[in-house]
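In: my questions are about this predicted structure, shown below with the sequence.
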Amino acid sequence: MEGTSDPYGGHNGSEILPPMQAVVVEAPQPAVVHKVMAQPAQSSASKMKGKVKETFFPDDPFRSFKGQPLQKKCLMAVKYVFPVLEWVPGYSLSLFRSDLIAGLTIASVAIPQGISYAKLADMPPLTGLYSSFVPPLVYTLLGSSRDLAVGPTSITSLIMGSMLQKGVSVSPSADPTLFLQLALTSTLFAGLLQASLGILRLGFIIDFLSKATLLGFKAGAAIIVSLQELKDLLGIVHFTDEMNLVTVMASVFQHTDEWSWQTILMGACFLVLLLSARHVSMRWPEFFWISACAPLVSIIISTVLIDLFKGQNHNISTIGHLKCGLNHPSWDKLLFDPKYLGLTVKTGLVTGIISLTEGVAVGRTFASIRDYQVDGNKEMMAIGLMNIVGSCTSCYVTTGGFSRSAVNHNAGCKTAMSNVIMALTVMVTLLFLMPLFVYTPNVVLGAIIIVAVIGLIDVPAAYHLWKMDKMDFLVCLCAFIGVIFFSVQQGLAIAVGISIFRVLMQITRPRMIIQGNIKGTDIYRNVHQYEEAQRVPGFLILTVEAPINFANTNYLNERTKRWLEDESFSGNKQTELRFVIFDLSAVPAIDTSGIAFLIDLKKPTEKLGLELVLVNPTGEVMEKIQRANTTHNHFRPDCLYLTIGEAIASLSEEANMAIP
């Protein structure tokens, strides 16, 4: 009889039921455990070769040579040394037009900057122009950047001038010949350092100058440079040679009787003119040429005014007579006297590192904008060799400056030929136009320097550091304070010291976390970062996110013991600890001290009745573990697991625990 449905959609008891079927219950499958494999065996020589290659040749510059005939390899080697040969064969008239405009434009910047920066370094004005003639020609042959415009920069000029003044008892005005000899010798050592870093591929050394360090250092140096130029803007004759805020300001107000209202008026007018031109170019980038031409226009106008109104008779100092002529050989002026050798080496090292960092950074910046590659090691060799050549041709330290390179880029340069155009323009100036600068006022040169270094103060970048990383901001702030209150080199040393200390802290105090399981998944994450990650009962899952070595094993040992003690004293029997899992997924390398730490860690865990297991040791770590097992079987195969999930499933099954 057919059954009826109840009001709720069910069936009453008169329902005819189907015959019962047997239910098959599957037995629980054992947890799948994958074996942890070691990396393929390699000889010590091949391992060393691989490490050396990755350290010094991470870009593998010779990979394109493979499989090529000998003749082509030789041609490629010559092109590698002289990158100019890569673009000269395809050079065209249209490219030359663009480079001609760019070269003439940056020459209008290079001429006033060359004179001004030489003055900033306490050297003859001609030295700055010499440094804008020979080095760009050398860089064109050896450099790999299309946009880098080479010449002296404000930072290197300031550092060289301040370091040499502090190191010798003779002032530049009292013995200019000695001072110039020391500057040329320092330039030689700077070039030797830079070329050596490139040839030996040790460019990672300059990475210790972090962006935060350079940001604070440049801002502090810009303020010190600007304050030093108050001497010319106010017309002060007797001024301090010190490079710190307190001394400079004290010197300004101690010599109020030397202030010249004519000089102040002229300086203020041209300062407003230059700042206005800079503002227009920043507001409307298509008018970049206004800011580029403003320094040269200012020099021309001020020179004409001084000549017409006899400004030298109204307490306005001028450059004076400059001789016409190209660079003189100066290898005979290099000074290797033991009395000054330490000073020139130290000055060369500091200016070499700073100028190299600036040049490589500027080159890479514009290369990324135009989507081409700049070889850092080629740049080091090119900058180093041009400074070596420069030291023998009356030039001081040069590099690729940001302001010149920005003008070069905005003017539409296509190749490094723009450097050649600029150098030829400077050559014409040196040969025929130097008498025109006789009435150029120093106050205008000071205004040009101030406006040029204002761009080094990047407040938005400092604010970004504050928002992103307070430690980086502290490094930046220390560099800034050190430069303006102590000295340029002390500020740099303080910032580099803090940066190195930070790296050491990251090495000696690596990040160590407790992981938990995200419910319903086989994913394990930091319990403090993910709220949904829950501790697995009976398991303490620890992760180290750094190499384990002699510098941090004591810290890791103490930190692990503290966690074990906290677990043992918690008194929670429901989550009584049974296993300690050490996740090695984020440990790329380990040394013998690290292996000893893992072995010694077994003792306190066994003493507390716990079992220690290791999860996912990387290739090098697994290799060291296997070597440790050859003498004593410290880590049995059942103590090594590929994933945390497999480890928990297998250990829970063995201990008859509920699998989470």
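Out: Alright, I've got the coordinates.
In: so Lys35 makes contact with Leu642?
Out: Yes - with contacts counted by CB atoms under 8 Å, Lys35 reaches Leu642, the gap being 7.5 Å. Backbone N, C-alpha and C define where each C-beta goes, glycine included.
In: among these two, which residue is more densely surrounded?
Out: Leu642 (17 against 8; other CB atoms under 10 Å).
In: which residues touch that one?
Out: 33-36, 615-616 (CB atoms under 8 Å, 6 or more residues apart in numbering).
In: for it, which non-adjacent residue is closest in space?
Out: His34 (4.3 Å; CB to CB, 6 or more residues apart in numbering).
In: contact partners for Thr303?
Out: Here Thr303 is in contact with 436-437, 439-441 (CB under 8 Å, 6+ apart).
In: which among those count as buried?
Out: 437, 439-441 (16 or more other CB atoms under 10 Å).
In: tabulate those in JSON lines, adding columns for secondary structure and pLDDT.
Out: Shown next, in JSON lines, are the buried ones among the contacts of Thr303 (DSSP: H, G, I helix; E, B strand; the rest coil; pLDDT from 0 to 100):
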{"residue": "Phe437", "secondary structure": "helix", "pLDDT": "86"}
{"residue": "Tyr439", "secondary structure": "coil", "pLDDT": "86"}
{"residue": "Thr440", "secondary structure": "coil", "pLDDT": "86"}
{"residue": "Pro441", "secondary structure": "strand", "pLDDT": "88"}
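In: domains of this protein?
Out: 2-37+511-658, 46-81, 86-172+179-503 (automatic domain parsing).
In: just the strands from this protein, written as ranges.
Out: 150-151, 399-400, 512-518, 524-526, 533-534, 539-544, 579-583, 611-615, 640-641 (DSSP state E).
In: and these, which is most packed in?
Out: strand 150-151 (a mean of 32; mean count of other CB atoms under 10 Å).
In: which residues touch it?
Out: Contacts for strand 150-151 (CB under 8 Å, 6+ apart): 110, 113-114, 131-132, 135-136, 139, 143, 386, 398-401, 404, 419.
In: over to stretch 440-448?
Out: 112-113, 115-116, 119, 229, 231-233, 235, 263, 266-267, 270-271, 274, 295, 298-299, 302-303, 306, 311, 316-319.
In: if we go to 6 Å?
Out: 112, 116, 119, 229, 232-233, 263, 266-267, 270-271, 274, 295, 298-299, 302-303, 306, 316-319 (CB atoms under 6 Å, 6 or more residues apart in numbering).
In: now it: buried residues?
Out: Those would be 440-448, for stretch 440-448 by 16+ other CB under 10 Å.
In: need those residues in a markdown table with distance to Ala195, can you?
Out: A markdown table is the format used below for the buried residues of stretch 440-448 (distance: CB to CB, whole Å):
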| residue | distance to Ala195 |
| --- | --- |
| Thr440 | 36 |
| Pro441 | 39 |
| Asn442 | 35 |
| Val443 | 39 |
| Val444 | 37 |
| Leu445 | 32 |
| Gly446 | 34 |
| Ala447 | 36 |
| Ile448 | 31 |
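In: check what pLDDT Leu137 gets.
Out: Here the pLDDT value assigned to Leu137 is 95.
In: against Pro124, how distant is the residue lying closest to it once chain neighbours are set aside?
Out: Of all residues beyond its chain neighbours, the one nearest Leu137 is Ala423 (5.2 Å), with distances taken as CB to CB, 6+ apart. Separation of Ala423 from Pro124 (CB to CB, to the nearest Å): 19 Å.
In: neighbour count for those two, which is higher?
Out: Comparing Ala423 with Pro124 by neighbour count (other CB under 10 Å), the higher total belongs to Ala423, at 23 against 20.
In: what pLDDT does the more buried one get?
Out: 94.
In: and what of Ile507?
Out: Ile507 is given a pLDDT of 90.
In: repeat for Pro61
Out: At Pro61, pLDDT is 68.
In: count of neighbours near Leu296?
Out: Other residues close to Leu296 by other CB under 10 Å number 17.
In: kindly apply the preceding question to Ile301 instead.
Out: 14.
In: let me see the contact set for Thr213.
Out: Thr213 neighbours (CB under 6 Å, 6+ apart): 475, 479, 495, 499.
In: state the number of residues packed around Arg627.
Out: 12.
In: sorry, slip of the keys, the one I care about is His314.
Out: His314, neighbours per other CB under 10 Å, totals 14.
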